[in-house]
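Novice: Test case, fold it:
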Amino acid sequence: MRPGLRAGGMVPMLTFDELAKRRGGCDILRGLTFRARPGRVTGFLGPNGAGKSSTLRILLGLDRATSGTALVDGRRFQTLRDPMRKVGAMLDGSGAHRSRTGRAHLRWVARAAGVGNRRVESLLETVGIAHAADKRVGTYSLGMGRRLGLAAALLADPEALVLDEPVNGLDPEGIRWTRRFLREQAAQGRTVLLSSHLMGELAETVDDVVVIRRGEIVADGTLEEVTGGHGSLEDAFFALTGEGDGR
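Specialist: All right, here's what the predicted structure looks like:
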């Protein structure tokens, strides 16, 4: 059982309270409040430009909120003693330099995390790119790059995974593999928070859903609660966000 699963029930690992962000006179985020819990996959959905990436960047200390909080296990990311053991993140593909090999990239990240090379080799096998470990990242397909990014996020065996558009641009096999992989991570007790604007691919993956539109939450609940009264998650998304109806 992962540390995030504690006696007495599931304690939220990632918490957002009245999170607001204003930039250039525009409200990017408007009072976002929601939770992502251990052992569950939370889908953070919204149209492009809705504020998903801004929310995750604030959580990971890459941007500042105008007001409100985004906390990891009750603390700001910047104050965590060992942040890579709390949160593994993938915000922009693999994050690796194109001239490095996959193995070299993971070993570089591992050193920063205080992790040995044995963990690197194990994760190369886990994500299915051991055969390409000594190839330059610039030669990787999009799907291989995503797998490398997931391996890097998992190096320090974190309690939570935070992923921005992990299936965007993948082929059907890559999407299917990612679904299964994320479900396995949640089954191990990790908190999994992933943002996306692709609903069809997420309907078989997520347990909980938070839908955002123009910086505001328009739905927050289990997959069943959010899709209730709608034919699918995609139908619910369009109804909640007004996407595709000219608004």
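Novice: From now on I want contacts and neighbour counts done on CA atoms only, so please keep to that.
Specialist: Will do.
Novice: Report the spatially nearest residue to Asp17, omitting neighbours in sequence.
Specialist: Sequence neighbours aside, Thr33 is the residue nearest to Asp17 in space, at 4.4 Å (criterion: C-alpha to C-alpha, 6 or more residues apart in numbering).
Novice: That neighbour touches Phe16, doesn't it?
Specialist: Yes - using C-alpha atoms under 8 Å, Thr33 is in contact with Phe16, at 4.9 Å.
Novice: where in the protein is pLDDT low?
Specialist: Low-confidence segments of the chain, defined by pLDDT under 70, span residues 1-12, 93-94, 244-247.
Novice: Show the subsequent helix or strand relative to the longest helix along the chain.
Specialist: As assigned by DSSP state H, the longest helix anywhere in the chain is helix 172-187. Later in the chain than helix 172-187, the nearest helix or strand by DSSP states H and E is strand 191-196.
Novice: Flag every buried residue along that following strand.
Specialist: Of all the residues in strand 191-196, those buried under the rule 16 or more other C-alpha atoms under 10 Å are 191-196.
Novice: who does that strand pair up with?
Specialist: strand 41-45 (parallel), strand 160-164 (parallel) (DSSP bridges).
Novice: Can you tell me what sits against that strand?
Specialist: 4, 13-14, 36-46, 52-53, 159-166, 168, 182, 185-186 (C-alpha atoms under 8 Å, 6 or more residues apart in numbering).
Novice: from the chain's centre, how far out does it sit?
Specialist: On the basis of C-alpha atoms, centre = their mean, to the nearest Å, strand 191-196 sits 4 Å off its chain's mean C-alpha point.
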